[in-house]
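model the structure of this input:
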Amino acid sequence: MKKLLRIIGIVLASLAALLILMFLCGTLFGGCAARNYVNNHGEDLLGRKVNVDGVGVNLFTGHVRVKGLTVYEDDGESTFAGFDTLDVGVSLLRMLGKTVYVRHLTLAGLDVEVLHDGNRFNFSSIIEHFQQDSTEVDEPEDTVPSSWVVSLHDMHIVRGRLNYTDVQRQSHWGMNDLNLAVPDFTIGGSENTDAGLALAFDDGGRLSVKAAMNPANNYFDVTVGLEGFALDQVRPYVMNVANVDQLRGHLDVEAQAMGILDSLMDMNLNVKANLNGVELSDKELGTVAKLHHLGIDARQIIPGKNVYDINRIEIEGLKMRYELFIDSTNTLSRLLATQPVADSAGVADKEPAADTVQPAPAAAPSPLRLRVGVLDVKGVDFTFVDNTLPDKFEFPVTDLNLKATNLTTAGNNNARMLATLPNGGKAMVDWEGNISDWKLNQRLRLSIKNFRLTELNPYMVAYFGMPFSEGVFSFTSLNTIRNSQLKGDNRIDIFKPNLGEKREDVKPQLHLPLRAALYILKDKDEKVMLPVPVSGNIDNPKFNYMKLVWKTLGNLIVKVVTSPARAFDSLAVDDQGNMFIAVDPKEHDFTSEQFYQIDKVANLAKMDENVVLTLTLVTRPGVSDKEAGNHERRNKILRHHLKELGVSEKQFTITAAQPDRGVKQEGYIVEIKN
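Sure thing, here's the model as predicted:
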C-alpha cells in the first residue's frame, strides 16, 4: 500500500508540476508561448515527449484552459495518457494568505493506458526520472505542520477512460465512462471533504463510490456500489492461486464503511452482496462448481472487535463435485496452482529491509460475536467421487436444504438439514448446540431412510471383497456431548441384506465373516437390527469417531458369528455359552435331529470362508471300549458328512474324545472362530 500511494503521489505531482509550468508560462508570455514551451521542454520535466494543442490563461480571473494534452510512451510515438480539455479556475489573491483555492477543475476526455509487466509499469521511467535528482542523504523529517491550506472545489473528471493491462497475466481492464466529482477537498483546513466516482467496465458492470471525511476528527463515510460486475474479469488473478479455466457470474454489492482513519479496524461496515450465475471450471476437471445465487445481508461488521451481525445468508442452486484420485490428489488440490505469479508495485527502487519497522506484539483477539438471523440453503447438489477404489464410487446427494434461525455465539442454536439420496433415499439432520463453547453442549440426530445397500458396493468390494446383491438400509444416530463427553446411540436397520459373489480380482482389506453374520442376524422376516453404541472423551488426542464406530461394528459382527446362539434355537448351550450337540454314547451314528443341527452349523462355514468350526467331543471318564469305538466311528461320519456338505477341510477341526468328570451329557462343543 505504501508503494502504491507513492506511485500515485509521484504521478500526480508530475502532472501538477506540468500544469503549474503551463500556468506560469501562460501568465508571463501568453498561451501560445506556453504551448510552445511545453511542447519543446516537456520532456525535460517528465522525461517523456509531451504535446499540447492549446493553452489559454487569464491572469486576472485565475483561469487556465488546456486543450489536447498528450503524454507519450518512452518510444515517443505511442500514447501513454492524454485529455481533451482541462479547465481550471484558481483564486490568486488567496495565495497571499497561504491558501491554494481552486474554484473549479474540469478534466474532460481523460484517456490513460497503463501497462504492467512484471515489476515495471509503463510509467516507471517517469518515476525514475524524478528519482535521479533526489538526494541519497537521509534528511531529518520535518515535523512542523505546514501553514498552507489547499482547498479544492467543484472538481470533475468527465467522459474519462482508463485501460489497464497486466502483460504477464494476460489481463485487460477497460474502464470507460469514468466520471469523478469532488465537491470539496481540503488539506490543512477544517472543511469537510466529499467525493464521488462512477465508471463502467468494458466487460460488464458499473462502479460508484461516494466518500466524505471530516478533517477535524478524521471521521469518514464511504459508500460503494457495484452493479453487474462480471467475475471473468478477475479470472487472471484467481489463476494466481487456482487453475481456473472459466469463471462466470455477476456480482452486485452495496456497502457502507464508517469510522475514524486512525482506527480503521474499528470501522463499522454494512454490506449487501449478491452473487448470481456462477460457474467455475477447469480444463482437466470440467465444471467444479455452479451457483445460482448467493446473498449476504450484513447489518454490522466491526473487524477489530470481531463482531459479525448478519441479517441473512442465502445459498440457492449450488452444485459441486468433489473427487478423490488414485495419486492421492483431489479436486481441490488439483485446482490449486503451484506456481503463483509474482506481484510487484512496479517501482524501480526497493525499500531496504533495515527500514522495516517491527510490528508490536498483537493484542489478544476479541471473542467472536456472531449472529445470523436466517441461514437459508436450498437446492444444493453435491457429488462425491472416489477413484481410489477398484470400482469407481460416485455418490450424489441432491436437493439438500438447510434452515437455521437466530444462530448466535451467545447461546444454544438449532438447525435442520434435509437431503435426497440415490434411488429415493432420504437423510435428515437435526442439530442443537453451542457454537462458542461447542464441547459444553451438543445434540446431533441423523436419520437415513430407504438407502439401497448396493450404492456402497465399491467400498464393499474394496474392503471385504464382495458386493451387496440387495438390501435396504435405515440408520438413526443420536449423539450428545456434555462437557467433552460423547455418548452416541447408533441403530442400524436393514431389510433383506444379501451378498453377491466374491470378487477374485480384488484382494480385500478386511476379513470379516459378513455372510455368516448376516445369516445369523437376519430374523424370520429377513430383518437385521444392530445397536452400535459409541462413547469417549473428545479431548483425547486419539479420539476418532468413525474409527470407534467401525471398531464397535466389527467387534459386534465377530461376536455374533462366534456366539450365534440366537440363530440356532435347536442347539443347546453349555455353561460357557458354547453351542452343544448332545449324543448318546451307545450310538455310533447321528439321529435326524443331530444331523439337522450339524447342517445348520455347517451352513455358516459353507457361506463364509472366514468361518472356522471346531467340534470338540467331550465324554465322561471311564467309557467302555464299545463306547470309545462309537465315538471314533461317529467322528468319521461327522467328517465325511461335512465334506459332503461342501465344507472345506481347512474350515473345520474335529477333536478326539476329551474325558471330563464334570460332564453331565456327552456330545460336541461347537466353537466358531474368525
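
lowest-confidence helix or strand of this protein?
Sorting the helices and strands of the chain by mean pLDDT, DSSP states H and E puts helix 2-29 at the bottom, at a mean of 53.

neighbours of residue 446, how many?
16 (other Cβ atoms under 10 Å). Every residue, glycine included, has its C-beta placed from N, CA and C.

mind listing what it touches?
With contacts taken as Cβ atoms under 8 Å, 6 or more residues apart in numbering, residue 446 has the following neighbours: 427-429, 475-477, 479.

where does the prediction get shaky in the stretch 201-350 of the chain?
Along the stretch 201-350 of the chain, the parts satisfying pLDDT under 70 run over 337-350.

got the phi and psi for residue 195?
Phi and psi for residue 195, reported as degrees, to the nearest 10, are phi -160, psi 150.

quick check: it touching residue 210?
Yes: using Cβ atoms under 8 Å, residue 195 makes contact with residue 210 at a distance of 7.4 Å.

ranges for the helices of this protein?
Using DSSP state H, the helices found in the chain span residues 2-29, 31-46, 124-131, 235-238, 331-335, 457-464, 514-521, 545-562, 592-607, 625-644.

for the fifth one, buried residues please.
When burial is assessed from 16 or more other Cβ atoms under 10 Å, helix 331-335 yields the following buried residues: 331, 334-335.

again, but for the fourth one
Within helix 235-238, the residues that qualify as buried are 235-236, counting by 16+ other Cβ under 10 Å.

for that helix, which helices and strands make contact with it?
Packing partners of helix 235-238 (3 or more Cβ pairs under 8 Å, 6 or more residues apart in numbering; DSSP states H and E): strand 246-260.

what strands flank the strand it packs on, and is each parallel or antiparallel?
Under the criterion DSSP bridges, strand 246-260 sits next to strand 219-230 (antiparallel), strand 268-282 (antiparallel) in its sheet.

not counting that strand itself, show me its contacts.
With contacts defined as Cβ under 8 Å, 6+ apart, strand 246-260 is touched by 204-205, 217-232, 234-235, 238, 266-281, 291.

the same query, at a cut-off of 6 Å, please.
With contacts defined as Cβ atoms under 6 Å, 6 or more residues apart in numbering, strand 246-260 is touched by 218-219, 221-229, 231-232, 235, 267-281.

list buried members of these by neighbour count.
Neighbour-count burial (16+ other Cβ under 10 Å) is assigned, among these, to 221-226, 229, 231-232, 235, 267, 269-272, 275-276, 278-281.

which strand residues bridge the closest residue to residue 655 other than its chain neighbours?
Using Cβ to Cβ, 6 or more residues apart in numbering and skipping residues adjacent in sequence, the residue nearest residue 655 is residue 616, 4.7 Å away. Beta bridges link residue 616 to residue 655, residue 669, judged by DSSP bridges.

so residue 616 makes contact with residue 671?
No: assessed by Cβ atoms under 6 Å, residue 616 is found out of contact with residue 671, at 7.2 Å.

coming back round to it: could the buried residues of helix 331-335 go into TSV alongside distance to residue 52?
Putting the buried residues of helix 331-335 into TSV (distance: Cβ to Cβ, whole Å) gives the following:
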residue	distance to residue 52
331	57
334	55
335	52
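
what's the closest of these to residue 41?
For the buried residues of helix 331-335, the residue nearest residue 41 by Cβ to Cβ is residue 335; the value is 54.9 Å.

how near is the closest one to residue 287?
The gap separating residue 335 from residue 287 is 12 Å, by Cβ to Cβ, to the nearest Å.

equivalent analysis for residue 275, please.
From residue 275 to residue 287 the distance is 17 Å (Cβ to Cβ).

how about residue 196?
For residue 196 relative to residue 287 (Cβ to Cβ), the value is 40 Å.

before we move on, what about residue 606?
Distance of residue 606 to residue 287, computed by Cβ to Cβ: 49 Å.

the two: which is more packed in?
residue 606 (19 against 14).

just checking, that one touches residue 643?
No: taking Cβ under 6 Å as the definition, residue 606 is not a contact partner of residue 643, at 11.3 Å.

could you list the low-confidence segments of the chain?
1-31, 33-34, 131-147, 188-191, 337-364, 546, 550, 556-577, 674.

got the domain ranges for the protein?
Annotated domains of the chain cover 1-120+150-216, 234-246+263-349+365-410, 418-561, 572-673 [automatic domain parsing].

the ones you listed into JSON lines, with extra columns for distance to residue 256?
What follows is these, written out as JSON lines (distance: least, Cβ to Cβ, whole Å):
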{"stretch": "domain 1-120+150-216", "distance to residue 256": "9"}
{"stretch": "domain 234-246+263-349+365-410", "distance to residue 256": "5"}
{"stretch": "domain 418-561", "distance to residue 256": "27"}
{"stretch": "domain 572-673", "distance to residue 256": "68"}
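
closest to residue 129 out of these?
Nearest of the domains of the chain (Cβ to Cβ): domain 1-120+150-216, 3.1 Å.

rewinding a little: the residue nearest to residue 655 - how many residues pack around it?
For residue 616, the count of nearby residues is 16 (other Cβ under 10 Å).

and residue 473, what is it in contact with?
Counting by Cβ under 6 Å, 6+ apart, residue 473 has contacts 451, 453, 494.

then residue 106?
87, 156.

which non-adjacent residue is nearest residue 292?
Spatial nearest neighbour of residue 292, chain neighbours left out: residue 317 (2.7 Å); criterion: Cβ to Cβ, 6+ apart.

ditto for residue 115
residue 122 (4.0 Å).

and what of residue 332?
residue 322 (7.5 Å).

so residue 385 makes contact with residue 322?
No: in this structure, residue 385 is not within contact of residue 322 by Cβ under 6 Å, at 7.0 Å.

so for stretch 285-300, what gets flagged as buried?
Buried residues in stretch 285-300, counting neighbours by 16+ other Cβ under 10 Å, are found at 285, 288-298.

what does stretch 532-545 give?
Applying 16+ other Cβ under 10 Å to stretch 532-545 flags 532, 534, 536 as buried.

could those residues go into a markdown table alongside distance to residue 187?
Listed next are the buried residues of stretch 532-545 as a markdown table, based on distance: Cβ to Cβ, whole Å:
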| residue | distance to residue 187 |
| --- | --- |
| 532 | 72 |
| 534 | 68 |
| 536 | 65 |
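
and of the residues you listed, the nearest to residue 589?
Comparing those against residue 589 with Cβ to Cβ places residue 532 closest, at 44.3 Å.

so what sits opposite that closest one in the bridge?
As assigned using DSSP bridges, the partners bridged with residue 532 are residue 490.

equivalent analysis for the one 5 residues further on, please.
On the basis of DSSP bridges, residue 537 is bridged to residue 485.

if we can go back for a sec, distance check, the residue nearest to residue 332 against residue 459.
16 Å.

hmm, back to that, take the strands paired with strand 246-260 and lay them out in CSV including distance to residue 660.
Shown next, in CSV, are the strands paired with strand 246-260 (distance: least, Cβ to Cβ, whole Å):
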stretch, distance to residue 660
strand 219-230, 88
strand 268-282, 72
